[in-house]
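Visitor: Sequence plus the predicted model coming up.
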Amino acid sequence: MSVTLHKTDLTPAEIVRELDKYIVGQAAAKRAVAVALRNRSRRKRLSAEMAREVTPKNILMIGPTGVGKTEIARRLARLAGAPFVKVEATKFTEVGYVGRDVDSIVRDLAEASYQLVMQEMKARVAERADALAVDNVASLLRVSSFEVRSGRYDDQFVEIEVNEEAAMPFVGMFGNEQMQGLGEMLKNLMPQRKVRRRVKVREALEVLRNQEAERLVDKEEATQEALRRAQEDGIVFLDEIDKIARKQGASGGPDVSGEGVQRDLLPVVEGTVVATRLGPVSTEHVLFIAAGAFHVSKPSDLIPELQGRFPIRVELEPLGPDEFERILREPATSLLQQYTALLGADGTELVFSPEAVRALAEFAHQANRDLEDIGARRLSTVLERVLEEVSFQTELGRVEITREYVEARLKGVLASPDLSRYIL
């Protein structure tokens, strides 16, 4: 049975409209990823012989931090129901040095794919798992399932059997990630021990629902679907790739986080097969999206072979006060909506005046200009400072945030460079 439940047949224009709900601006980057996702749908309608030859056109995003590079890739993956991993290029070291090897990217992708598939398959059997869990608890309490569902026994204790995770001696002592993967495979082969735990009915139901769902799901089917998705639909976001590019004219000794890492990345991006705990995973049709600010280096400082594997390049625009104001207002789950909902849960109704929103945007832009430009992330820092007193209290009723209130909370901080550097 198929477990794909996502919007895989959207046109590029529809994909952009979906991304517009969460990300302000950056039209060129949105168009590039929209075409990349649509090409996957197109490829699936080709003959098997032609489909093998059509590989993803990887994307290089160039732009300062906090302008939406990661969020575009993450939202794209969520939209497509695709397994997604974000990795920082600087975390890897050249083969032969101690550190993470680039093959771990593929192992992480396979694991993300498996978790995604298991989540979907568990959702399909959730109703049956719930019924079995309730029946189990009802049997232990010697009451009806209806009485268990009523909640009257939620705080009563019961003793249930749960699976004990097998501990693998010695495997955890080694830093090598292949050894960690071997440990996972061995644990799956070992019989699971049952241990008895005394817990409240409310907790028992959650534990038993999960156990029943695990039992009802076909693990082999989940594994095969996870492998297929990792290979056919996987998206890898390689952040900070500019930091492993050697600036022209640079010289020195071994560069374990530079050119050597690039050469190790090359076969993974070109297409290779990596052993994972689920089985071998081919990266030939995985979409790689690399990103970097390229303040010091340039894309041309990457080794030529790696440059050639990222044929699509898009430059993201820096954000100003107008973009910040839109970010605060427009996305489906904007920062203002998040804070309003959070404080609303405690009986405080936050209301932001239009002038206050503009002031927040202007102060965030000023802080980026005077300190370090961290893009839209500055908005969270500014909002935390502005709402610090309100957040500390509860049941305040209606609280209107005006421009005057914003200025009172921020002007003193921004007037002192040393203070603003620590607080904002």
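Guide: Structure's in. What do you need? Numbers count the residues shown, from 1 in each chain.
Visitor: Following the chain onward from the lengthiest helix in the chain, which element is next?
Guide: Secondary structure of the chain read by DSSP state H shows that its longest helix is helix 103-124. Beyond helix 103-124 on the C-terminal side, the first helix or strand identified by DSSP states H and E is helix 126-141.
Visitor: Could you check the helix or strand that that following helix is followed by and say which residues are buried?
Guide: Elements were assigned by DSSP H and E; along the chain past helix 126-141, the next helix or strand is helix 145-149. Of the residues in helix 145-149, residue 148 count as buried by neighbour count, 16 or more other C-beta atoms under 10 Å. Where you see a C-beta, it was placed from the backbone N, CA and C, and this is true even at glycine.
Visitor: contacting residues around the helix or strand just after helix 145-149?
Guide: The helix or strand immediately downstream of helix 145-149 is strand 157-164, counting by DSSP H and E. Contacts with strand 157-164, where a contact means C-beta atoms under 8 Å, 6 or more residues apart in numbering, come from 136-137, 140-141, 192-201, 204, 207-208, 211.
Visitor: and what of stretch 64-73?
Guide: Contacting residues not belonging to stretch 64-73 are listed as 19, 22-26, 29-30, 33, 61, 63, 84, 86, 235, 237, 239, 289, 291, 293, 295, 316-319, 373-378 [C-beta under 8 Å, 6+ apart].
Visitor: And the contacts of strand 157-164, which of them are buried?
Guide: Applying a neighbour-count criterion of 16+ other C-beta under 10 Å, the buried members of the contacts of strand 157-164 are 136-137, 140, 201, 204, 207-208, 211.
Visitor: before we move on, the earlier item: in helices, which of the contacts of strand 157-164 appear?
Guide: Secondary structure assignment (DSSP H) places 136-137, 140-141, 201, 204, 207-208, 211 from these within helices.
Visitor: Which pair in those residues has the greatest spatial separation?
Guide: Within the ones in helices among the contacts of strand 157-164, 141 and 211 form the most distant pair, 17.9 Å apart (C-beta to C-beta).
Visitor: Now do the SS call for the residue nearest to residue 279 when sequence neighbours are not counted.
Guide: What sits nearest to residue 279 in space, not counting adjacent residues and going by C-beta to C-beta, 6 or more residues apart in numbering, is residue 227, at 5.5 Å. The local conformation at residue 227, judged by DSSP: H, G, I helix; E, B strand; the rest coil, is helix.
Visitor: Tell me how many other residues surround residue 227.
Guide: Other residues near residue 227 number 20, with proximity taken as other C-beta atoms under 10 Å.
Visitor: Show me what stretch 312-329 is in contact with.
Guide: The contact list for stretch 312-329, computed with C-beta under 8 Å, 6+ apart, reads 24-26, 28-29, 32, 36, 57-64, 66-69, 299, 334-336, 357-358, 360-362, 364-365, 373, 375-376, 379.
Visitor: Take these and, keeping just the buried ones, write it as a PyMOL select command.
Guide: Of the contacts of stretch 312-329, the buried ones go into a single PyMOL selection, burial set by 16+ other C-beta under 10 Å:
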select buried, resi 24+25+26+29+32+36+58+59+60+61+62+63+64+66+67+68+69+299+334+335+336+357+358+360+361+362+364+365+373+375+376+379
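Visitor: That'll do, ta.
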